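Enquirer: I'll drop the sequence and a predicted model, then ask my questions.
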Number of protein chains: 2
Amino acid sequence: MTNHAINTTGARLRRWIALAALALGSAAASHGAVPEAPAAVQVPGYFRMHLGSFDVTALYDGHVDLDAALLGGAARPTIDAALAGAFQGRAMPLQTAVNGYLVRTGTHLILVDTGTAKLFGDHLGFLLKNLQAAGHAPADIDTVLLTHLHPDHAGGLLTADGRMAFPNAQVFVPKADADYWLSRAAAAAAPQDKQALFGMARDAVAPYLAAGRLTLFAPGAALREGVRALPAPGHTPGHTAYLFSSATQRLLVWGDIVHNAAVQFPHPEVSIEFDADQARAIATRRALLGEAASNRWWVAGAHLPFPGLGRIGSGSDGGYRWVPVEYGPVHERP
Amino acid sequence: MTNHAINTTGARLRRWIALAALALGSAAASHGAVPEAPAAVQVPGYFRMHLGSFDVTALYDGHVDLDAALLGGAARPTIDAALAGAFQGRAMPLQTAVNGYLVRTGTHLILVDTGTAKLFGDHLGFLLKNLQAAGHAPADIDTVLLTHLHPDHAGGLLTADGRMAFPNAQVFVPKADADYWLSRAAAAAAPQDKQALFGMARDAVAPYLAAGRLTLFAPGAALREGVRALPAPGHTPGHTAYLFSSATQRLLVWGDIVHNAAVQFPHPEVSIEFDADQARAIATRRALLGEAASNRWWVAGAHLPFPGLGRIGSGSDGGYRWVPVEYGPVHERP
């Protein structure tokens, strides 16, 4: 194919675009009314895949709009170029998903992170609705694993009237996160604008604690068969990723390792203002990206574009690429 | 963050992975049976977005498994590297979606391409089911636009018993495609292994032709308000893309311009065996990619990973990048 042929095709195409625009002026538009539609209702926010003999279901809680100014750690033109490449930018908020993940092993039904309930407004708090759309009742869940105690991960532990949303679940919290977020001394020492977060964390776990359903675990503890807790500190003191293993497949449910896929995969050195210890968060991000990429693990990210399931390829200059899972049928188990 | 700190974090992470594996040996796994689940059923195959005042709904028909050997036009290592970057390769078939697109304008309910029905087996033919899951009845559709007459685009015109699947629709077919695929002379002149395709095309349009519901259009014709037909020949003689316009937004429903996103966005010079006139298909692909990228049009692709909606960024060496739409809520119209 010569350049001439390509240019000719391009010129012909542009001529057709112009022609079609002219012709439209004379198009009859006298068709009757379109039947009232089901309106613009989106498909339910769940997505299922197999992982060996496990079933994994991504659950959409909603989204938050973040300001690009929260991202730092690289030159502003570097960040802006990465955003622009994904049709994002500073002129609009960054649409940032909040996802939870349900894993059905042979013996347990495990939810990793619970969403936000209505703590941050009406754009969030749909995890329970999507869980039910996926065919599960909250009472079926026997295990809740929290990556950390921020309100968009722990808030969904409670119903609107403050009861346990998962009445039959044992809730597992990394001890280092509990030591920090459940401590009144830590709350008192925190900046004024962060203090509400401590109260939200205490409230979220309170009924489980009272019912003897709260387990604090130290790094390396065995929680459930086929699940390993990997300390991933930096975002919060006890931030933890969970590695699920079935047959030859692995899924790393990594919580808040990445908040903006467009920027942080190619530039893992970029952190977000919410990362409490940025240097540590960056080191953890690089370490987990490297492990996930080299081992070809599946990854599930709480703030990756829903369903937030995919794999990680190597990019240029020490960066990485996000390769999202492809939609397709999921077959019934024999 | 120093390299030392990063390496230390990586080493610590690997130690935890090893520790957790050891600890698992002693984990109790005596939990009772998990409640019978809704099994591994996938979320319905539709996806909705707004385009100005139009509503666009992607509809999943299913997928075909393609052999990477069908791709040509670049060196094999180039193709293999692009596949590997997307966790695809020659050892497994390429999962290739088949999508249709429903557009609700102010005055029309328009379906672009109809899927495959059961012509190619049980992995396909779910477009009607997903249309209904999205809240629409086939009888509501007043306009069907076909990008071309291949069976995975026109097959869904018929129900299983050979009646019109869209009994109230006018069906629009590019004249150059009709001239070819509905011609008995062209069928007789075609290779033996392609002859079935002609029969499938004739069968698909037959009841619409008999009912006076088939319109053949020439390039540049005005079809419906807000829709332009753009000739995009090469894949078939009359292959046509449809450009939808509402307010400042544009959506190009481009049919079979790309069959494998991982390879053909970075390498538009790669064609697939199904492209009848490969040089022309490549020129058309380059021209449409260029227009869509420079005008920031939304694109909908019949064989892009479902929902197949997204935008196109510029890549390296004259190539392009696919930026899929992000899942999110779609608000009711006021």
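Expert: Looks like it came in fine.
Enquirer: need the residues of the stretch 101-250 of chain A near chain B, please.
Expert: A:104-109, A:123, A:133-137, A:140, A:142, A:219-226, A:228-232, A:243 (Cβ under 8 Å from any Cβ of the partner chain). For glycine as for every other residue, the C-beta is placed from the backbone atoms N, C-alpha and C.
Enquirer: Tell me where the longest strand sits in chain A.
Expert: Identified as the longest strand of chain A according to DSSP state E is strand A:54-66.
Enquirer: show me where the stretch 1-150 of chain A has strands.
Expert: Using DSSP state E, counting those that start in this stretch, the strands of the stretch 1-150 of chain A run over A:46-51, A:54-66, A:71-72, A:94-104, A:109-112, A:143-145.
Enquirer: Burial check on A:Q264, number of neighbours?
Expert: Under the neighbour criterion other Cβ atoms under 10 Å in any protein chain shown, A:Q264 is assigned a count of 28.
Enquirer: same thing with A:S316?
Expert: Summarising burial for A:S316: neighbours were counted as other Cβ under 10 Å, giving 9.
Enquirer: for it, what are its contacts?
Expert: When contacts are counted by Cβ atoms under 8 Å, 6 or more residues apart in numbering or on different chains, A:S316 touches A:P266.
Enquirer: Look at it and give its secondary structure.
Expert: Put simply, A:S316 is coil when judged by DSSP: H, G, I helix; E, B strand; the rest coil.
Enquirer: Return the backbone torsion pair for it.
Expert: phi -90, psi 160 (degrees, to the nearest 10).
Enquirer: Against B:G72, how distant is the closest residue to A:H123 other than its chain neighbours?
Expert: Here the nearest residue to A:H123 in space, its sequence neighbours aside, is A:G62; by Cβ to Cβ, 6 or more residues apart in numbering or on different chains that works out to 4.8 Å. For A:G62, the distance to B:G72 (Cβ to Cβ, to the nearest Å) stands at 45 Å.
Enquirer: Of the two, give the one with the bigger neighbour count.
Expert: The residue with more neighbours, out of A:G62 and B:G72, is A:G62; 25 against 14, by other Cβ under 10 Å.
Enquirer: Distance check, that one against A:K118.
Expert: Counting by Cβ to Cβ, the gap between A:G62 and A:K118 amounts to 10 Å.
Enquirer: could you pull out the strands for the stretch 151-300 of chain A?
Expert: Per DSSP E, counting those that start in this stretch, the stretch 151-300 of chain A has strands spanning A:170-174, A:214-217, A:222-224, A:227-231, A:240-246, A:249-253, A:271-272, A:298-300. These are given in chain order.
Enquirer: worst average pLDDT in those?
Expert: With a mean of 88, strand A:222-224 has the lowest mean pLDDT of the strands of the stretch 151-300 of chain A.
Enquirer: measure stretch A:109-127 end to end?
Expert: The first and last residues of stretch A:109-127 sit 16 Å apart, counting by Cα to Cα, to the nearest Å.
Enquirer: Any buried residues in it, and which?
Expert: Buried residues in stretch A:109-127, counted by 16 or more other Cβ atoms under 10 Å in any protein chain shown: A:109-117, A:119-120, A:123-127.
Enquirer: Distance-wise, check A:A201 relative to A:L131.
Expert: When Cβ to Cβ is applied, the distance between A:A201 and A:L131 equals 22 Å.
Enquirer: mind listing the helices for the stretch 201-334 of chain A?
Expert: Secondary structure of the stretch 201-334 of chain A (DSSP state H, counting those that start in this stretch): helices located at A:261-264, A:278-295.
Enquirer: Just say which of those is most tucked in.
Expert: helix A:261-264 (a mean of 25; mean count of other Cβ atoms under 10 Å in any protein chain shown).
Enquirer: Where does pLDDT dip in the stretch 201-334 of chain A?
Expert: When residues are selected by pLDDT under 70, those of the stretch 201-334 of chain A lie in A:332-334.
Enquirer: One more pass at 90, please.
Expert: Flagging of the stretch 201-334 of chain A using pLDDT under 90 yields the residue ranges A:219-222, A:316-317, A:331-334.
Enquirer: give me the beta-bridge partners of the residue nearest to A:H123?
Expert: In this structure, A:G62 has the following beta-bridge partners (DSSP bridges): A:V98.
Enquirer: contacting residues for it?
Expert: The contact partners of A:G62, taken as Cβ under 8 Å, 6+ apart, are A:A97, A:V98, A:G115, A:T116, A:H123, A:L124, A:G125, A:F126, B:P329.
Enquirer: And it, how close does it get to A:L197?
Expert: When Cβ to Cβ is the yardstick, A:G62 and A:L197 sit 18 Å from each other.
Enquirer: A:V103: what's its closest spatial neighbour, skipping adjacent residues?
Expert: Distances taken as Cβ to Cβ, 6+ apart put A:I110 closest to A:V103, at 4.7 Å, once the chain neighbours are dropped.
Enquirer: got the strands of the stretch 151-300 of chain A as a markdown table, with mean neighbour count columns?
Expert: Formatted as a markdown table, the entries for the strands of the stretch 151-300 of chain A read as follows, by neighbours: other Cβ atoms under 10 Å in any protein chain shown:
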| stretch | mean neighbour count |
| --- | --- |
| strand A:170-174 | 25 |
| strand A:214-217 | 18 |
| strand A:222-224 | 22 |
| strand A:227-231 | 24 |
| strand A:240-246 | 24 |
| strand A:249-253 | 23 |
| strand A:271-272 | 22 |
| strand A:298-300 | 25 |
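Enquirer: For the closest residue to A:V64 other than its chain neighbours, give its distance to A:F306.
Expert: With Cβ to Cβ, 6+ apart as the criterion, A:V64 has its nearest non-adjacent residue at 5.0 Å, and that residue is A:T96. With the distance defined as Cβ to Cβ, A:T96 ends up 10 Å from A:F306.
Enquirer: the more surrounded of these two?
Expert: Looking at A:T96 and A:F306 with other Cβ under 10 Å, you find the greater number of neighbours at A:F306, namely 24 against 21.
Enquirer: my guess is A:V253 meets A:L102, correct?
Expert: No: under the criterion of Cβ atoms under 8 Å, A:V253 is not in contact with A:L102, lying 10.3 Å apart.
Enquirer: Quick check: neighbours shared by the two?
Expert: By Cβ under 8 Å, 6+ apart, A:V253 and A:L102 have these common neighbours: A:V112.
Enquirer: Least confident of the buried residues of stretch A:109-127?
Expert: Within the buried residues of stretch A:109-127, the minimum per-residue pLDDT falls on A:H123 (90).
Enquirer: neighbouring contacts of stretch A:120-132?
Expert: A:44-46, A:59-65, A:98, A:100, A:102, A:111, A:114-119, A:137-138, A:151-152, A:155-156, A:165, B:329.
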